[in-house]
Structure formats: structure tokens, C-alpha cells
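# 3D, please:
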Amino acid sequence: MSQIVALADASRDGRSYSDGAFRHQTIDAALLERVERYRLERLRQQMRHHEMDAVILFDPINIRYACGSRNMQVYSQRNPARYLYVALDGPIVLFEFSACLHLAKDLRLLDDVRPARAVMPQYSGPRCAQHTAAFVDDIQALFARSATQGKRLGIESAPTAAVSALGEAGFELMDAAVAMEGAKSIKSVDELSLIHRSVTLTEAAMSRMEASLRPGMSENELWAIFNQHVLATGGEYAETRLLVSGDRTNPWFQECSDKIIAPGELVAFDTDIVGCFGYYTDFSRTFHVPGRGGPNAEQERLYKMAVDQLESNIALLAPGMSFREYSRRAWPIPQGYRENRYLDIVHGCGMSGEWPLIAHDMDWDDVGYDGDIEPGMTLCVEAYIGHRDGSEGVKLEEQVLITEQGIDRLSTYGYDEQLLGSSAS
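This is a model prediction of the structure:
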């Protein structure tokens, strides 16, 4: 059993997920403020459940979730140059990259903004130890201002020396990711308005990319068309480079390259894009490259299998179903295709790929964990079909919302009618 708990009912705003109202909400300052306050309350609810007196967040996505601050997201994912302190009942303090304090001056949820301590050797070299000691002093002073007066501290993505120093100072350290993942797993109706906008703009970028697909261009050139439109319409960055063609579509997880796309090949693409408002859009499609007539029989067969896998597993989703039951009942991958299967059936999606991750039945004893599918979860259903001895594969994925009655598709791009062949509607 996973130790992450969604706790859906305690922080819901009372509106139904089933009426699709999020599609019609005006995105304005009031909505954005409601989203920020909802996310902070979700985090504190989880901290309370896991008995954490405070958390320190280094992951820039978690910082943004908890207080709304965005700054150098990709840079901060590999450099612990900024961090956020959130007390269960006490101050919220952003320790910002020292030259960037002005970026947080208008953030509503913060009680204070201070320069971050140089707790990584890249910045402070042999003086790192004294900066780490000052970091611990800061945290002790903030704990003294908290009503709980406890010393149970959640922390994630921190430098090893900082974690060790906090332990030596007497803090009872816990993994803050447990609280963060539980918090992020249930979206409010207001959050869904932002997610819907991100999906819509990502679909427009994919449409432009698909319309530009021609033999003779490189994978990198095609992928650049998608990214240009994402950035021009308010999106932020791609987390992966999963656009491949021809024999590079099987096995999956090969990266976009300078390979020239040939007539009649398949092009498989996974968006993996942090779109507008910092929300992750994650759906996949596979296209047929024009130039040699229609798809061949093997391409159509692979595509129809992937559609069957995806649609069967979407139809299976239901609120209240356990992860274990879902895994047992999922579409059975035929022999010959299991070796190249995707790594999971379903994963969460919000400001990044998130908890939960539902494992295949055949992988359950190794990586599976249980939990419940709950209304307010936004999930990505994965499908990949590529034979162990085959030359091409098909990647499909859909992003959906779990509602009180079932599911609502967030991504609605549609399938390639040529690849569906005679079954196309």
C-alpha cells in the first residue's frame, strides 16, 4: 500500500466535476488567487495528515504549487538555489535566488522573501559548510515562530549536507514528497480551468506540427514547429524529447534527433509539455508520413491494437476503483508485445507527471502499490504497441479527468483516420 493518501473530500470546493463547468470559466485574477489558496490548503491538509510541522521544498514545481512562485524552473531542477519553507501553523518564507527577490514581491501567500543560503558547493566552494550552518539556523528560527512547536520536518530535493545538518540539529526528518504528491493529486474546478487552457493550446501546437509533417525534414525540425507554437502561446518548456520516426519508434523512449523522416514511415510523439500557467499537458499521437500511398497493413494493425488498448483502459476507469483492481482488469498485452510495453498503464498529471502510477499486472509484485481512483484526479492513460521483433511501434496516450460519474476527456485530438483504415468513423 502506498503511504500517499489523496484525501479528496476535505479540500474540495463543493462543485461537481461532472458538469464540465471548468471549460467555461473566465480565467482572471480572482480565479488564480483561488487556485493558489486551494493548493496551499491541500498541502497543509496533507502535512497535517502526515504529522509534519513544516516542510522545506527545493523542487521548483513544488515551490510553484505551494506559493505560486515561478523562477528559472529548469535551472532550479538541477541547482538547489532557492527553497520554500511552509509551516503547518506559522510562516511561509521563500528563500529566493539572491538576485531575484523582486520577482516575489507581489505574491499573496508569502510572509517573507529572503536571499537563499549558498548551500551547494558550486556557489560557495569550501565555504559551503558555513552557509549550511546558517541555513539550519534560519530553519530553527522559523520553527520557533510556529504554533505547533514540533520538530517533524518534511524535506525534498535538498543537498545531502543540508539534510545531514538538519538531522544533527535534532529535527525529525520526513520525505516531503509524500505530502506533496497527495496534495497535488486532487484538482479543484478552478485548477481544471487552467489545465483545460493548457491542453487546448498544446493541441493547437500539435495540429500545426501535424500539418507541417513532410518527408525530408528531420525529427528535430518537426519537433521545433511544435515547440515554437507552444512558446508563442504561453507555454513554458518540454520535459522530454519524445518525437521519433520509422524504426526509431520501436522500442519507445528514443529521443528526437537529426534523422530524416522518410515517406510512408510512422512518426510517434508524446507532448510532455509544461504549458500555460505551469500545468503539464501529456498526451500522445502517432502519424503516418505521406508520400508512398496509405499505411501498410502492419502499420494499420499496430495502430488499431494501440487504439484498442487505450480505449479499453479509458473505459475501465471508474471512481472508487482500486489501483490493484484496475491493473488486474486492464487490456491484456499480447505475447510478443510485452517486452516493449510502456512502463505503466496510468499516471497522474498536474504541474508535472504525478502520483499515482498504476503498474501493469505483470509488474505488480515489483513496483505496484494500491490506492483508489478518486474524483478530481487528472490521469494519463498510456498505450504503446511495438513487437519485440518489429521495426515500428505506435504510441498513444490520453489525458482525462475522473468525475463523480466516470471520466471526462481533457485531450480530444482524435486519431489518424488513415491508420485506422476501414474502421475510421
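# Helix or strand with the lowest mean pLDDT in this protein?
Scoring the helices and strands of the chain by mean pLDDT, DSSP states H and E places helix 121-124 at the bottom, with a mean of 84.
# which parts of the helix or strand that comes right after it are buried?
Per DSSP states H and E, the first helix or strand lying C-terminal to helix 121-124 is helix 128-144. Going by neighbour count (16 or more other C-beta atoms under 10 Å), the buried part of helix 128-144 is 128, 131-132, 135-136, 138-139, 142-143. C-betas here are computed from N, CA, C, even on glycine.
# Who are the packing partners of the least confident helix or strand of the chain?
Packing contacts for helix 121-124, counted by 3 or more C-beta pairs under 8 Å, 6 or more residues apart in numbering; DSSP states H and E, involve helix 128-144.
# Arg108: how many residues sit nearby?
11 (other C-beta atoms under 10 Å).
# which residues does Met52 contact?
Met52 makes contacts with 88, 152-154, 174, 176, 179, as judged by C-beta atoms under 8 Å, 6 or more residues apart in numbering.
# Check the secondary structure at the closest residue to it other than its chain neighbours for me.
In space, Met52 comes closest to Gly154 once its chain neighbours are excluded; the distance is 4.3 Å by C-beta to C-beta, 6 or more residues apart in numbering. Of the three states, Gly154 takes strand according to DSSP: H, G, I helix; E, B strand; the rest coil.
# how about the strands of the stretch 251-400 of the chain, start to end?
Ranges of strands in the stretch 251-400 of the chain, per DSSP state E, counting those that start in this stretch, are 266-270, 273-274, 280-281, 284-288, 346-349, 353-358, 378-385, 394-402.
# What are the structural domain limits within the chain?
According to automatic domain parsing, the chain comprises the domains 9-183, 189-423.
# Reformat those as a markdown table; add distance to Ser2.
A markdown table is the format used below for the domains of the chain (distance: least, C-beta to C-beta, whole Å):
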| stretch | distance to Ser2 |
| --- | --- |
| domain 9-183 | 9 |
| domain 189-423 | 4 |
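# Ranked by average pLDDT, which of these falls at the bottom?
When mean pLDDT is averaged over each of the domains of the chain, domain 9-183 scores lowest at a mean of 93.
# Please state the offset of that domain from the chain centre?
Centroid separation between domain 9-183 and its chain, computed with C-alpha atoms, centre = their mean, to the nearest Å, is 18 Å.
# Going forward, count from 571.
All set: I'll call the first residue 571, so the last point we hit is now domain 579-753.
# ok now do Val877, which residues does it touch?
Val877 makes contact with 953, 966, 985, 990, according to C-beta under 8 Å, 6+ apart.
# beta partners for the first one?
Note on Ala953: beta-bridge partners by DSSP bridges are Leu966.
# and it, how many neighbours does it have?
Residues near Ala953, counting by other C-beta under 10 Å, number 26.
# for this structure, longest helix please?
Ranked by residue count under DSSP state H, the longest helix found in the chain is helix 759-782.
# Packing partners of that helix?
When contacts are defined as 3+ C-beta pairs under 8 Å, 6+ apart, helix 759-782 packs onto helix 599-619, helix 789-802, strand 850-851, strand 854-858.
# Save the ones you listed as CSV, and put in distance to Asp878 too.
Converted to CSV, those look like this (distance: least, C-beta to C-beta, whole Å):
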stretch, distance to Asp878
helix 599-619, 36
helix 789-802, 27
strand 850-851, 24
strand 854-858, 14
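# Dump these to a markdown table, plus mean neighbour count.
Listed next are those as a markdown table, based on neighbours: other C-beta atoms under 10 Å:
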| stretch | mean neighbour count |
| --- | --- |
| helix 599-619 | 19 |
| helix 789-802 | 18 |
| strand 850-851 | 27 |
| strand 854-858 | 24 |
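# which residues does the closest residue to Pro821 other than its chain neighbours contact?
In this structure, Pro821 finds its nearest non-sequential neighbour in Asn910, 4.6 Å apart by C-beta to C-beta, 6+ apart. For Asn910, the contact set (C-beta under 8 Å, 6+ apart) comprises 820-822, 954, 956-958, 963.
# Now, of these, which are buried?
820, 822, 954, 956-957, 963.
# what two of those have the greatest distance between them?
Within those, Trp822 and His957 form the most distant pair, 12.3 Å apart (C-beta to C-beta).
# Touching both of the two, which residues are there?
Common neighbours of Trp822 and His957, counting by C-beta under 8 Å, 6+ apart, are 910, 963.
# hang on, the earlier thing: for the strands of the stretch 821-970 of the chain, which one sits closest to Tyr896?
Proximity to Tyr896 (C-beta to C-beta) singles out strand 923-928 among the strands of the stretch 821-970 of the chain, at 5.9 Å.
# now the closest one: how far from the chain's centre is it?
With C-alpha atoms, centre = their mean as the basis, strand 923-928 stands 8 Å off its chain's centre.
# Could you do stretch 938-955 as well?
Distance of stretch 938-955 from the chain centroid (C-alpha atoms, centre = their mean) equals 12 Å.
# Okay, buried residues for it please.
Going by neighbour count (16+ other C-beta under 10 Å), the buried part of stretch 938-955 is 938-939, 941-955.
# Compute the first-to-last residue distance for that stretch.
Distance between the boundary residues of stretch 938-955 (C-alpha to C-alpha, to the nearest Å) amounts to 21 Å.
# Repeat that for stretch 968-982.
Stretch 968-982: ends 8 Å apart by C-alpha to C-alpha.
# Give me the residues contacting it.
586-588, 590, 757, 762, 765-766, 769, 773, 851-853, 880, 884, 887-889, 919, 943-951, 967.
# Ok, stretch 983-991 next?
Contacts of stretch 983-991 (C-beta under 8 Å, 6+ apart): 773, 776-777, 853, 855-858, 864-865, 869-870, 873-874, 877, 964, 966, 994.
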